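**Student:** 3D, please:
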Amino acid sequence: MSDDQPNILAILLIGFVGLAVAGGFAVFGFTTLARHGIRRSEKDALLRGFAGLAAAAAAAMYVWGALHLVKDESMTTDACRAAVGREHAADITGADVSYLPLHLNCHVRGAGTYAAAVPDYVNPAALGLALTAVALGVFAAFASELRARDNFRKEKTS
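**Tutor:** Take a look at the predicted model:
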């Protein structure tokens, strides 16, 4: 089997940068929620805090999936054999790595490509969490703008 092995330096970079990003977003989310208090804070602060936590979870999920790509040649071969099953194990022609979305793609002669190694839930979960973070961030911006306009109107009429 001719393999395009996962680049260990790329995965280490993904791991370190991803964990730093996840940690930064988590600190932002928790400090925003703690500073304003969950029960007595404005909607925009709550939305910003939860957006930070969702972004942290998305980054952590991506790192979790990337760690599943850390395999040597024999582990990659075993992962491909497990993914394609016994009937196609002898027909595996190679494997390659995709970092976006995360996949170890095992190529089988006459049967297409099979995904291996990365759990099936990683890519949808990371995408869903990232989209949730973006949506919460957009809603937080709108809530902040509405609150600022309301405060401006109150000051203008006073």
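**Student:** would you list every one of the strands in the protein?
**Tutor:** Taking DSSP state E, the strands of the chain run over residues 2-3, 92-99, 102-108, 112-116.
**Student:** Remind me what the third one packs against, helices and strands.
**Tutor:** So the one you mean is strand 102-108. helix 43-67, helix 73-84, strand 92-99, strand 112-116, helix 122-157 (3 or more C-beta pairs under 8 Å, 6 or more residues apart in numbering; DSSP states H and E). In short, each C-beta sits where N, CA and C put it, glycine included.
**Student:** Quick check: which of the ones you listed is nearest to I14?
**Tutor:** helix 43-67 (4.5 Å; C-beta to C-beta).
**Student:** buried ones in that closest one?
**Tutor:** 44-66 (16 or more other C-beta atoms under 10 Å).
**Student:** what residues are up against T31?
**Tutor:** For T31, no contacting residues are found, by C-beta atoms under 8 Å, 6 or more residues apart in numbering.
**Student:** pLDDT score for it?
**Tutor:** pLDDT, T31: 94.
**Student:** any weak-confidence spans in this protein?
**Tutor:** Scanning the chain for pLDDT under 70 picks out 1-6, 158.
**Student:** can you tell me which of the strands of the chain comes nearest to R35?
**Tutor:** strand 102-108 (34.4 Å).
**Student:** For the closest one, which outside residues touch it?
**Tutor:** By C-beta under 8 Å, 6+ apart, strand 102-108 touches 6, 62, 65-66, 68-69, 71, 76, 79-80, 83-84, 88, 91-98, 113-118, 122-123.
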